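Asks: following is a predicted model, sequence given first.
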Amino acid sequence: MLIPSKYDETQALKIIERTNQKINVINESKTFPFRPRMSYGFTEFNLNNPLNIDELIKIADEKVYKMKKEHKSKDNSASS
């Protein structure tokens with residue numbers, strides 16, 4: 001998910017939360033034989049500490065994989 005630069009971190013988190021709420025509605029409906037969920041990572045471009053696009057993507061990507069790992073850990077502990 002890309003969020004336009006006109007939004008700050010707080011606004012981005014609100015968009016993500018609304019998306020998660022919609023995913024929760026889908027999960028509660030048991031529409032699928034699995035539970036969809038979303039992992040995300042984002043970073044902001046800061047003029048005072050500018051990073052190039054590759055560095056920004058790397059930071060966001062690391063956050064995505066950290067969240068995926070947390071999801072997987074929760075799955076493993078729930079099934080034990």
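Replies: Cool, the structure landed.
Asks: which residues are in contact with the residue nearest in space to the middle of the chain?
Replies: For the chain, the residue nearest the mean C-alpha position is Tyr40 (1.7 Å; Cα atoms, centre = their mean). In this structure, Tyr40 makes contact with 1, 16, 63-64, 67, judged by Cβ atoms under 8 Å, 6 or more residues apart in numbering. To be clear about C-beta, it is placed using only N, CA and C from the backbone, and glycine gets the same treatment.
Asks: give me the pLDDT value at it.
Replies: The model reports Tyr40 with a pLDDT of 88.
Asks: go ahead and confirm Asn27 touches Arg35.
Replies: Yes: applying Cβ atoms under 8 Å, one finds Asn27 in contact with Arg35, separated by 5.0 Å.
Asks: what's the domain layout of the chain?
Replies: Per the record, the chain has its domains at 1-38, 40-80, by automatic domain parsing.
Asks: hang on, the earlier thing: among the contacts of Tyr40, which one lies nearest to Glu9?
Replies: The nearest member of the contacts of Tyr40 to Glu9, counting by Cβ to Cβ, is Ile16 at 10.3 Å.
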